[in-house]
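Sequence plus predicted model, see below.
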Amino acid sequence: MNDYQNDRDKQNIDTLIPFPDEIAWLEEINNKIDDTLKKSDANIKQIDNDYMDFKRYTVEHQIDPHEAFQNELLLKQVDRSGAFFVKMRNLTAKLIKSPYFARIDFLEKDNPTVIKRYIGASSFMYENELLIIDWRSPFASMFYDYELGPAGYDAPQKRIEGELSRKRQFKITNRKLIYVLESSMNIQDDILQRELSQTSDDKMKSIIATIQKEQNQIIRNENAEILIIQGVGGSGKTSIALHRVAFLLYRFKKTLKARDITIISPNKVFGDYISNVLPELGEERINQSSFAEIAGIQLNGISAFEADRDPLETNDVKWAERVRFKSTLAFLKLIDNYLEQMTATVFQPEDYTHGKFTVNAEWILRRYNAYRDYPVKQRLRKIAEDIYERLDANKGSEDRIPRAPAILKNLNKMLKVKNTLSLYKEFYMQIDMPNMCILPAKKTLEWSDVYPFLYLHAAFEGLRETLPEGGIIKHLVIDEMQDYTPIQYAVIKRMFHCPMTILGDFGQCINPNHLHTLADIQYVYNKAALFELTKSYRSTYEIITFAKGIRNVNKLEPIERHGEPPAIIQCDDEQDQIIKIKSGIDGFLKSPYASLAIILKTNSIAESLFNILSNDYDVHLISPKSTNFVNGISITSVQMSKGLEFDEVIIPNVNKRNYGSEYDRNLLYIACTRAMHKLTLIYTEELSPLIDKLSPL
């Protein structure tokens, strides 16, 4: 811990251990947790024995069907009881190492009795006495929202007002009380400094001990159907979104389960990195997916598609022009305009005749318009059913009428376009831009065409509301929102009619061909609630101030956690740069830090450096093919580093040739803001103009 943090501790902390009352209380809680686990294990063992006894009885005795049925019911009941006890035991087991992190004393208005509550990751009850409350409970919200003095919380029945008379915060590790902080000020600042000074973990951690007031308001928001979080680098937006999921699972536990929630994350490495947060909070992992996986399900049996190209390693100017055109809100509006007239022109009804029966075109058109909320082909299916019912109601005993599928076959002949691909090509003809639709192969789409195609497919044939895991989604989380275009959001809006949490940072766009903005997403979700997070907690003051100089983000606020300034190192040539990188690695290996990232501009350059360094060091390559995140020495690209954090970051090749354009500002800003404690920039040739006027502080 540096001198600055020691000074803060001396100034703001009234007392560090000993706190004899708290030491005694922790010992009592530890004993009661041990006793609860012992009893739980005994209950589970007894249930297992009972289950096996019932199974043996059914095998060894000939029993009548009625008794067999009763035994089956009893076995299911025993199984459910066993599952319940196992779940409760596992929740209690999570409290062993650190049962709680805070205590608040509350004096309710017009009630002389002080209510003392300890707050932990989950509640703990012993012999019908509530000893620890869940951080998500309404009462616990006061810890995050108030300092000492007037306070209140929203109970299920009414608002409760009163006064907070005490706030204490604890660090408990392996059942030992490391420190206790008690202060008349907001003690979370001190805890935050301590926690942020720690080295990184190989998985994202829960932040329940350090949730800030503005973060708590987002986490506990249960009213917004669509909630958008725009947060600067290091603001904790992903962690906040996951804690919001945990809160919703707690708040709506009867109707919402982890299996009902899916997060769309940028890649599998990031998915692995965040995978421990919910289990750490006592919840099951949620499903993970991607826009490519969603498209694969929707297009199965309809069309293939190419994977997205890396824009930083593709020199196809025409391809880039097509991607830019389809990334805009104006493009979405063009398709919307086309769809408005398409549904009226794509179907031209004629009289339907079968034997002596005729259904005239005017009646069919009226039914077609009456079903305007349905895709075109679904309208025709409903009309076919209506015609069948009409014919069936008027037939005589000798009349034979066609079934609905046969009627539908005739209605489909009245369509002027037979499939979505024909419709999609027709759209580009209508706007006089046929060169914007290029099929790489038969029935194969470019990636930039996939979601525009699906948008038309939704209007023509319809989409399935499903994901790779199956089932209906009740809450959808979309991370790195800046990576997805308005047309992609428009498809998601049609596909998933459920609450959503959408988060990201438009200051971290890495695709030079994406021209959309946050306002464009708000246009698609015009009733969304927007929250902005401007304070960066990840990096030191010096690193964030330096990064802010690269890309002037006015709303970016560094916290007062100081460290060494970023280092800018000049090299004679490429060979000297490798020597300097190895020197940096050697320094890291001698340091207390747990993770070092060497971040290159592109995936191919990252792989090349990995091949060089892997001969001398145990290094990990994080590439689009990677599936997991581990601490140690990682070599990766700016693209793959998004959302991740490292104790130390080295950025090679920071010269004018590599980072010289305005677009490169975003890339360099992203790379710098991955560093928590130490940042080093290395260059050959001429220093990048994006930083040559910046002082390392």
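Looks like it came in fine. Numbering: from 1, shown residues only.

Report the residue spans of the stretch 401-550 of the chain with pLDDT below the cut-off.
Within the stretch 401-550 of the chain, the stretches with pLDDT under 70 are 465-470.

for it, what spans make up the helices?
Counting by DSSP state H, counting those that start in this stretch, residue ranges of the helices within the stretch 401-550 of the chain are 404-412, 420-430, 447-460, 486-495, 518-524, 541-550.

and the first one, what other elements does it pack with?
It stands for helix 404-412. strand 352-354, helix 376-394 (3 or more C-beta pairs under 8 Å, 6 or more residues apart in numbering; DSSP states H and E). C-beta coordinates here come from the backbone N, C-alpha and C atoms, glycine included.

Tell me which other helices or strands the last one touches.
Think helix 376-394. Looks like helix 376-394 contacts strand 357-359, helix 361-370, helix 404-412, helix 447-460 (3+ C-beta pairs under 8 Å, 6+ apart).

got the angle between that helix and helix 447-460?
Helix 376-394 runs at 20 degrees relative to helix 447-460, counting by axes from the mean of the first three to the mean of the last three C-alpha atoms, to 10 degrees.

Quick one: neighbours of the residue nearest to Ser623 when sequence neighbours are not counted, just the number.
With C-beta to C-beta, 6 or more residues apart in numbering as the criterion, Ser623 has its nearest non-adjacent residue at 5.7 Å, and that residue is Asn603. Asn603 has 21 neighbouring residues, counting by other C-beta atoms under 10 Å.

Repeat that for Tyr617.
Tyr617: 17 neighbours (other C-beta under 10 Å).

quick one: contacts for it?
582, 585, 633 (C-beta atoms under 8 Å, 6 or more residues apart in numbering).

7 Å instead?
By C-beta atoms under 7 Å, 6 or more residues apart in numbering, Tyr617 lies in contact with 585, 633.

and it, how far is that from Ser641?
Using C-beta to C-beta, to the nearest Å, Tyr617 is found at 19 Å from Ser641.

cool, Tyr368 as well?
52 Å.

Which one of the two is surrounded by more residues?
Counting neighbours by other C-beta under 10 Å for Tyr368 and for Ser641 shows that Ser641 has the greater number, 25 against 22.

where along the stretch 451-600 of the chain do the strands fall?
475-478, 500-504, 529-533, 535-536, 557-558, 567-570, 595-600 (DSSP state E, counting those that start in this stretch).

got those strands as JSON lines, with distance to Lys257 columns?
Listed next are those as JSON lines, based on distance: least, C-beta to C-beta, whole Å:
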{"stretch": "strand 475-478", "distance to Lys257": "10"}
{"stretch": "strand 500-504", "distance to Lys257": "17"}
{"stretch": "strand 529-533", "distance to Lys257": "24"}
{"stretch": "strand 535-536", "distance to Lys257": "33"}
{"stretch": "strand 557-558", "distance to Lys257": "37"}
{"stretch": "strand 567-570", "distance to Lys257": "49"}
{"stretch": "strand 595-600", "distance to Lys257": "34"}
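
possible to save the ones you listed as CSV with mean neighbour count and distance to Ala140?
Output for the strands of the stretch 451-600 of the chain, formatted as CSV (neighbours: other C-beta atoms under 10 Å; distance: least, C-beta to C-beta, whole Å):
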stretch, mean neighbour count, distance to Ala140
strand 475-478, 22, 22
strand 500-504, 25, 21
strand 529-533, 17, 21
strand 535-536, 21, 22
strand 557-558, 18, 27
strand 567-570, 16, 43
strand 595-600, 26, 32
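
From Phe460, how far off is Met429?
From Met429 over to Phe460 (counting by C-beta to C-beta), the distance is 16 Å.

Please apply the same query to Thr238.
36 Å.

With Gly162 instead?
Where Phe460 is concerned, Gly162 sits at a distance of 59 Å (C-beta to C-beta).

Confirm that Ser332 lies within a helix, as I assumed.
Actually, residue 332 is Leu rather than Ser. Yes. Counting by DSSP: H, G, I helix; E, B strand; the rest coil, Leu332 is located in a helix.

how about it, what does it touch?
486-487, 490.

Setting aside sequence neighbours, what's the nearest residue to it?
Pro486 (4.5 Å).

Spit out the contact partners of the one you found.
Applying C-beta under 7 Å, 6+ apart to Pro486 gives the contacts 329, 332, 516, 520-521, 524.

any chance you could map the strands in the stretch 201-350 of the chain?
Using DSSP E, counting those that start in this stretch, strands in the stretch 201-350 of the chain cover 226-231, 261-264, 287-289, 304-305.

just checking, what packs against the last one?
Here strand 304-305 touches strand 444-445, going by 3 or more C-beta pairs under 7 Å, 6 or more residues apart in numbering; DSSP states H and E.

Remind me what the strand it packs on packs against, helices and strands.
Checking 3+ C-beta pairs under 7 Å, 6+ apart, strand 444-445 ends up next to strand 304-305.

Downstream of the lowest-mean-pLDDT helix or strand in the chain, the next helix or strand is which one?
In the chain, no helix or strand scores lower on mean pLDDT, DSSP states H and E than helix 3-12, which sits at a mean of 40. Using DSSP states H and E, the helix or strand that follows helix 3-12 in sequence is helix 20-60.

Measure how far that next one is from the centre of its chain, please.
36 Å (C-alpha atoms, centre = their mean, to the nearest Å).

mean confidence for it?
For helix 20-60, mean pLDDT rounds to 84.

oh, and call the first residue 709 from now on, that's how I've got it
Happy to do that; since the first residue is 709 now, the last one works out to helix 728-768.

just to revisit the earlier point, more neighbours: Gly870 and Phe1168, which one.
Phe1168 (22 against 18).

I'd like to know how far the closest residue to Ala1314 other than its chain neighbours sits from Phe1318.
Distances taken as C-beta to C-beta, 6+ apart place Leu1308 nearest to Ala1314, at 4.2 Å, with adjacent residues excluded. From Leu1308 across to Phe1318, the span is 9 Å (C-beta to C-beta).

Also Asn995?
Separation of Asn995 from Phe1318 (C-beta to C-beta) stands at 31 Å.

Which one's more surrounded, these two?
Remark: of Asn995 and Phe1318, Phe1318 carries more neighbours, 21 against 18, as counted by other C-beta under 10 Å.

want to throw the contacts of Leu1040 into CSV with distance to Glu1356?
Formatted as CSV, these follow (distance: C-beta to C-beta, whole Å):
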residue, distance to Glu1356
Pro1194, 38
Ile1195, 39
Ala1198, 41
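
Which positions within stretch 806-818 qualify as buried?
The neighbour-count check on stretch 806-818 (16 or more other C-beta atoms under 10 Å) flags 806-812, 814-815 as buried.

Looking at that stretch now, give me its mean pLDDT.
Stretch 806-818 comes out with an average pLDDT of 94.

Only C-alpha atoms, please: export that stretch in CSV.
Taking C-alpha atoms only, stretch 806-818 is exported to CSV below (Å, rounded to 0.1, in the frame of the first residue of the first chain):
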residue,chain,number,x,y,z
SER,A,806,-16.4,-14.1,5.0
PRO,A,807,-19.9,-14.2,6.5
TYR,A,808,-20.6,-10.4,6.4
PHE,A,809,-18.9,-7.1,5.4
ALA,A,810,-20.9,-4.4,7.1
ARG,A,811,-23.1,-3.5,10.0
ILE,A,812,-25.7,-0.8,10.4
ASP,A,813,-27.7,0.3,13.4
PHE,A,814,-31.1,1.9,12.6
LEU,A,815,-33.5,3.7,14.9
GLU,A,816,-36.9,3.6,13.4
LYS,A,817,-39.1,6.7,13.8
ASP,A,818,-41.4,6.4,16.8
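
just the contacts of Leu1040 now: which is nearest Val794?
Ala1198 (43.8 Å; C-beta to C-beta).
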